[in-house]
Each structure stands twice: as C-alpha cells, then as structure tokens.
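[1] Quick one: sequence and predicted model below, then my questions.
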Amino acid sequence: MSDINTAQPPIPAASQRRHFVRSVLTNPTGLVAALALLIVIASAIFAPLLAPNDPSAVQIFKVNAVAGDGYLLGGDGSGRDIWSRLVHGGRNTFLGALITVVIAASIGVTAGLFAGFYGRKLDLVARWISDGIMALPALIVLLAFYQALGASIYLSMAVFGVMLSPGFFRLTRNLVNGVKHELYIDAARVSGLSDLRIITRHILLSVRAPVVIQTSIVAGIAIVVQSGLEFLGLGDPSTPTWGGMLQDAFSNIYVSPQAILWPGLAITATVASLVLLANAIRDRMQQGGVQVRAPKVLPLAVSEPLPQTASDVLLDVRNLVVAYPANEGWREVVKGVSLSLRRGEVLGLVGESGSGKSQTAFAILGLLSPGGRVLSGSIRFDGIDLGKSSGDEVRALRGRRIAYVPQEPMANLDPAFRIGFQLVEPMMTVLGISRAEATRRALKLLARVKLPDPERVFRAYPHEISGGMAQRVLIAGAVACSPDLLIADEPTTALDVTVQAEVLDLLRDLQKEFNMAVMLVTHNFGVVADSCDRVAVMKDGRIVEINTVADLFAAPAHDYTRMLLGSVLEDGMTRTYRPPMTEGMRA
Amino acid sequence: MIRYLLKRVASGIALLCLVSTVTFMMVFGATGNVARNILGENATADQVTALNSRLGLDRPLMVQFGDWVSHAVRGDLGPSWTMSESVASALASRLPVTLSMVTIAVALMALLSAMLGIAAAVRGGWADRAIQIVSVAGFAMPNFWLGLLLVLTFSVELGLLPATGYVSFSASPSAWAASLVLPVTSLVLSGIASASQQIRGAVIDALKQDYVRTLRARGVSPRSVLYRHALRNAMPAALTVLSVQFIALLGGAAVIERVFAIPGMGSLTVSAALIGDVPVLMGVVVTLIIVVVLVNILIDFLNAWANPKVRMS
C-alpha cells in the first residue's frame, strides 16, 4: 500500500528548503527582486552611515535646492537633505510594515487554523467577522481612529494589521480545510496527538508557503497605506518618512517638481520587489521549479498519399498522434491510432481510463483541451481531410454532421442558461433557422428522447433536472441537426444503473432512425456487446485489437483484451469463457 | 431569493450596529484633547471646561452614546464641532462628489479590466504581459503618487488639465468632466491591476468547463461561447472583485481628494481626523458603511441575475 508514503507530513527537509530558496533565486525576477529588497532594507538599517547629513538638519539657503553641493538629491521645502531623509525614511517604513504584517499574520493565521480545523460555529462566527472587516474602507477607519490612536503611526499600522488579517484568515482556513482530512492528519490523531499539537506541528507547516506569499503582499499594501497616511499629515512630523516627504514635495510642486520623484520611486521599487518576490515564490510552487515553456511545434508529418477509401467509409483515421506539452517537449497520449467507420456502423472504443480513447474522440471533433495538438496522422471525414481544413470548415461540420454526447451530463449543460436556449441556439446557428422554428424542433426533440414534460424541461435550468434527464437533453442536442457521425464519450458512466439501460436503448433507436455512424467510447464490455458492430481495444495510446464484436468475444487475439474481458466476466455475466491470465497482468 | 436577500440585509444592519458602536467608543472615548485642539494652544482651562460641557463631553460615555444613537436613527447626526453646518448637511453635500468620482472609476475599471482580462484569457501573448506589468505597477505605485505625477505632467508641464479644484456637474458638465480626468485615472490603475487578473482567471476557468466543449461540439460560434456563455459564468467572480474594489476606492478617494482638492467625503474625513471633529468622523463611518452594504446588496442582485441557482434558492 502507498499509505506509508502518504502518512508522511509534507515537511521538506532542510536541504530541500535550501533547494527551494535557491530555485526561487535562480529565477531572474526572483533574484533581482530579492537583491533590490535587500539593498533597501540594508540602507534603512545602515541609514546613519549612508546619510551624509542629519535628516532633520535645516539649511535655510538649501530650501528647494537643486541636487549638488553636499545635497545629493537636493533640498526639500525646509532646506533638509532629501537623500538623507530618503534613507532614514526607510526605517520607519519597514518598522510600520513589520508591525502590520506581524499582527495581521498572527491574528489571521491563528483564527484560520482553528476555524478551519474545528469548523462549524467557530468557523461561521470567524467568517462573519472577517467579511465584516473586509467591508470596511480601511483608510477611512484609520483616519477616524486617528485621534484615539494618537500621533504615533505605529499604532495606526497595528490597527491596519487587524484590518488586513481577513486575508490571512481566509487563506489559512481554506488551506486547512484542504488538508485536514489528509491521511497524515488522521494518523497523527489516531496516534494520540492533541489537537493543538496537530495544528501547530502538522497543519501549520503545510500552510507555510502560501502564508509567506501573503506576507510579502501584505507588507507591500502596508507600505503603500502608511505612506498615504503620512502624506495626509498623520504621524509624527519630526520623523523623516517617505509619505511625509511626498507631502512636503507636493506643497512645493511648482517650485521644485523633481522632489516628487524620489520618495515615490523608493516606495514603488520596494513594493514592486515584494510583489515580484511573491510571484517568484508562487511560480516556483505551481511549477515544481521547472519553467514550463510550450515546446516547439513539430511539423506535421507528411502523410503518405492516402489510398482511395471505399465510398461507404465515413470516418478514416490513420496513424493519429495526439500530444500535450509536458515539462520538456510533448507527452503523447495517442500514439498512432488508425481506425475507420462505415456509414450507419457502431464502433466501440474500449480501454481503461487514460488509454487515450477520449483524446482520440476529441481529436476527431477538433476539440482537444487547451495545449493539445494532433502531431501527425490524418483524419478524413467523408473525404474531407480535417487536418488540412481551416478552423471554420471544421466548425461547420460540428453539430451539423459530427455530433458529440459527453460523459458527465450535469457538467455539460451551461448552468446559467435555460435548457431550451441551449438547444435553440445551436440550431439557429448551424441550420440558420428562426427562433420559432428552432423552438418547435427543440420541443419535438425533447419529446423524442422521451422526456415526460418537454415544455417544463425546455423552461428549466440545468440544476432543476436529474442526471438522467440531462443526458437525454444532451442526446437531443446532439441529434438535433441529424448528424452522420455521433461520438459518444462514455455516455452512461455517470448515470444510475437503471437509467443506463434506458439511455443506451435510446441511443440505439436514434442510431437506427437517423442511420448514424456511432463511435461509442466506453470501458464497459457489456455496453459493447449490447450496442456495437465492431470494437477497437485501446491501451496506452495504441489500438491493440480491432474486430467484430462476435469474433472479439469468441476469440480475443490480444492478451490485454483477454484480461479486460476476464475482469468483466468475473463480475458475473456469463461464465462460459475464462481467459488464462499470466502473472504480469494480475497487477 | 427573498430569504437570501433578507439575510444579507440583516447581516448588513448587524455590521452597521457593530461598527458604529466600536467607532463611537474609539472616537468619543478619546476626546480628552479635542477641546484644546479646537480652541488652540492659548485657551484657558476654563474655556476648555466650558467647551467640553457645551459639547456634552463631560457626561459618561454610555450616556453620550445613547444620545447619539437616539438622534442618529432619526437621521440627525448632530452638529459639527468645527464647521458651522450640521454633520448631516456636510455629508449630503460631500457624498455625491465622492460617489460620482468612485462610480465613474469603478465603471471604467470594470470595462478596462474586463477587456484586458478577456484578451489575456483568450489570446495570452501581449495582453498577458500587459496584465503582468499593470498588476505590479498598479500595486506598487501609491495612487496619490501617480496622481502627483499626472499633475506634474498634464497640469504643471503641459497645462492640459486643471491640477486641482472640482466643478459640479450642474455648473458645467465639460469642466466637471475635465476636473475628474486626473483623479479618476489615479484611482483606477490599482483597481485594474487586481481586477484584470481575477477576470482573466475567471474566464480561463469558465472556458475550461465541460459544457464549453459541448457547446462547441454543437456548432455554437466561438464568439457566443466566449461572450455569452463563458462571460456569464465568470460573472460572479468578477462581481466579487468589483465589490472589493469599490470599497478600496472609497478609501483611496480620501488621499486622491486631498491631492486634487476635491470637496468630497475623503477630504472631509482628513480634516475632521486631523482636528478631531468627532461627530463628523462618526457620520462619515456610518454613511460609508451604509453605502458599502447597499452596494453589496446590489452586487448580490446582479449575482442572482447571472447565476440562476442563487435566484431559485
């Protein structure tokens, strides 16, 4: 069992932690941001060494002076050295940010840990308070409290910390909700650790990285807001601050406009470093350290001139290769599939999940998930080479001639629109008919798929009907424009057993009625035996066997087919055939 | 739906009560220096005592609170301590100014972030990079510094737009618009920074949904898939961002109004805070909480429109 592994709390060893820090710093943005931050912090700490002048010393002839003559960046409105005030201003800025961050994080993380871990009432109360605090315009509240808090900006920053704690709270609470049912937490509980120890030892560790990111962001917000308060005149006027310098520069904007620049640049550079550092850490966490870059698109392999396909062949897929971008290069999910489908024929495509059967279906529809590509091979539909056709040409085939029935009925209806609209809209687009005509046809289709009250279903929203009804609606939508080819991707998997049979019956009836070719993707041999003419068995992106249903059941040629059949038969259908199993397949 | 909204209204009222109580205790509990602040350094002790008793500050805090509440529920927020008008009338003249500025800023922000966010979600490329740059710049640049830079460039150097002052809409619509260009621009950048990223994420999420594939398979046009279906489903996330940004801009307006000398709630709050005009501060907090609660209820309505599940429950 793999429980031995999952029971380990995700504590990175010290060496891994060093590796993490290193990989954040090897990211160029991360490195530059960290360096910039380091420089600003260091210059604030060593301000007395770096500043040539006393930041409060006034030289009357240097009022609004230009740069030079001992004043590196010039003088401010009172004749004080801008450069000296700038490096000293960093001190109060970082102290203020530190106070805010420490208070916000300790309140938010503590509340989040407990609310997430114990849930229920505590969670409800904490969430209400957190939502309430977030509904307050922070700056206004800080201004209103100014008289009560007094001239020290640090008290205001402490209150601001309380107001920013909901960010930490929500983050921690959601993270705890995500991990509290992990096996290692259960294991810790079973082994008799107290809740408090579990929270502090195990859960706190797993929320550490996101909290670091949030800390960086909150520090940035704190610096901006603190400068805003000081710009408005709050705080101790005798301390040099970046916000206070901006206030001074603002009142002298016509005399000495360049003084506006320096404090603002200091704030912006500091906060930008904090954000970029947070981004670098986030990227590192999301990507596992590897820069994901879309690999070069390989040229489509030149397909050899196709032999003329027989006229009754509707779909002809040859050597289809489908791939998705992976860490380095492409990861192939379909590795050279060839199959064909005659008009009116039902082909089963069978295989375990991950065998590439759905990806084959999506490739034929031209609807691979973002990033996915057909790397080589050809798909011909009724003589049209889909690989060489434009997007518009393929789109014109979809809905009208190639249709699709999905696996999860509820996830495949747009929750925001009435069912009627979702049937009417495609018909109006594809067939170019009026809304009234499309409505009439949609109601007829809903009746045809044996929905009890078509009018009601037409007006309903998806969440108001059952999964079985939703699948009938989707089937109605698929056959709305009498397609030649229907691709059904596990159409019964998500349904109750009793409903499965009805839906299969319906599909079979419709197939006969419209004389459609059907490609039925499934992992269920029972469905294959019931509905298909031929069946293709897929494993690891390849077709291992194609045969008529009768022959395949009677004499499976491939070991893998035998194994799949074996597992079905063991479920207790018919017990006439029991394939021999080799050692390796039992796994 | 009705129940849901009633719950939100009740929650809003509870929030209003709680915040007014806490604020009252904070601001009225610390009025020791107010009389001296108002009268100036040279006032005698007798003058201070007289003013304290005239303002009612010599009564116990709970009595003051009861008095304030009994008037406030009737819409009477008392007289200002430093201005010749009542708090209610000061607010009545200031609130429309701030609200019009913030509303324009939020609308502009919503439009620009939606455009940028959708473009980035669908195309990536330049729009993605633009969002990255804007999100760092908008976050790192204090809005008032941006305002100062804009004043420096467009008013001091180029002389294109007024640096300060506010003209009411009724006096001259064009001068009103001109007086709002720079303040609104300074306000929206930080909003766009966070909103466009969130909208991008919401649209990407919506486009990943299974029903989008099904709609495409049925031949629905890409335009309709994006603008009708994906956007409608991304709406709740976008609306949440709007409500958060609205609150942020109400606060941000305080500093921006100072930079551009706009006579709104923000500059009223700043001057009241610096001198200690406590009734005005109470009035501002109460009014803004009511505005925020109302806006959030409006957002809930819009959310219900976009999301039938909410509407039905």
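    Everything's here; your move.

[2] tell me the contacts of the residue located most distally from the centre of chain A?
    Distance from the C-alpha centroid of chain A, by CA atoms, centre = their mean, peaks at residue A:61 (60.2 Å). By CB atoms under 8 Å, 6 or more residues apart in numbering or on different chains, the contact set of residue A:61 is residue A:79. Placement of C-beta: from N, CA and C, glycine included.

[3] tell me the SS of it?
    Recorded secondary structure, residue A:61: helix (DSSP: H, G, I helix; E, B strand; the rest coil).

[4] With the one 4 residues further on instead?
    Secondary structure assignment for residue A:65 (three-state DSSP): coil.

[5] which residue packs closest to it, ignoring adjacent ones?
    What sits nearest to residue A:65 in space, not counting adjacent residues and going by CB to CB, 6 or more residues apart in numbering or on different chains, is residue A:75, at 3.8 Å.

[6] what do you get for residue A:332?
    Leaving out its chain neighbours, the residue that sits closest to residue A:332 by CB to CB, 6+ apart is residue A:323, at 4.6 Å.

[7] Measure how buried the one you found is and give me the count.
    23 (other CB atoms under 10 Å in any protein chain shown).

[8] OK, contacts around it?
    With CB under 8 Å, 6+ apart, residue A:323 has these contacts: A:330, A:331, A:332, A:333, A:334, A:372, A:373, A:375.

[9] For it, name its beta-bridge partners.
    residue A:332, residue A:373 (DSSP bridges).

[10] Find the residue at the geometric middle of chain B.
    residue B:250 (2.2 Å).

[11] these two touch, right, that one and residue A:135?
    No - counting by CB atoms under 8 Å, residue B:250 does not reach residue A:135; the two are 10.6 Å apart.

[12] if I look at those two, which residues touch both of them?
    residue B:292.

[13] which of the residues in the helix or strand where residue B:150 lies are buried?
    Using DSSP states H and E, residue B:150 maps to helix B:143-150. For helix B:143-150, burial by neighbour count (16 or more other CB atoms under 10 Å in any protein chain shown) applies to B:143, B:144, B:145, B:146, B:147, B:148, B:149, B:150.

[14] what does stretch A:478-489 give?
    A:478, A:479, A:480, A:481, A:483, A:484, A:485, A:486, A:487, A:488, A:489.

[15] The residue nearest to the second one when sequence neighbours are not counted: helix or strand, and which one exactly?
    Taking CB to CB, 6+ apart, and ignoring the residues beside it in sequence, residue A:479 has residue A:510 as its nearest neighbour in space, at 5.5 Å. Assigned by DSSP H and E, residue A:510 falls within helix A:497-514.

[16] What is the subsequent helix or strand relative to that helix?
    Remark: after helix A:497-514, the chain's next helix or strand is strand A:517-522, criterion DSSP H and E.

[17] In terms of secondary structure, what does that following strand contact?
    strand A:313-325, strand A:330-342, strand A:346-350, helix A:357-365, strand A:485-489, helix A:497-514, helix A:525-531 (3 or more CB pairs under 8 Å, 6 or more residues apart in numbering or on different chains; DSSP states H and E).

[18] For that strand, which strands pair with it and how are they oriented?
    Here strand A:517-522 has these sheet partners by DSSP bridges: strand A:346-350 (parallel), strand A:485-489 (parallel).

[19] ok, back up a step: wait, isn't the residue nearest to residue A:479 in contact with residue A:475?
    Yes - using CB under 8 Å, residue A:510 is in contact with residue A:475, at 7.0 Å.

[20] ok, the two, which is more surrounded?
    The neighbour comparison of residue A:510 against residue A:475 (other CB under 10 Å) goes to residue A:475, with 23 against 19.

[21] Contact partners for that one?
    A:405, A:449, A:491, A:503, A:506, A:507, A:510.

[22] Kindly recompute the last result at 7 Å.
    A:405, A:449, A:506, A:507 (CB atoms under 7 Å, 6 or more residues apart in numbering or on different chains).

[23] for residue A:173, same thing?
    A:112, A:115, A:116.

[24] Need the mean per-residue confidence for the helix or strand containing it.
    Using DSSP H and E, residue A:173 maps to helix A:153-179. On average, the pLDDT along helix A:153-179 is 88.

[25] what about that helix, distance to the chain center?
    The chain centroid and the centroid of helix A:153-179 are separated by 24 Å, computed with CA atoms, centre = their mean, to the nearest Å.
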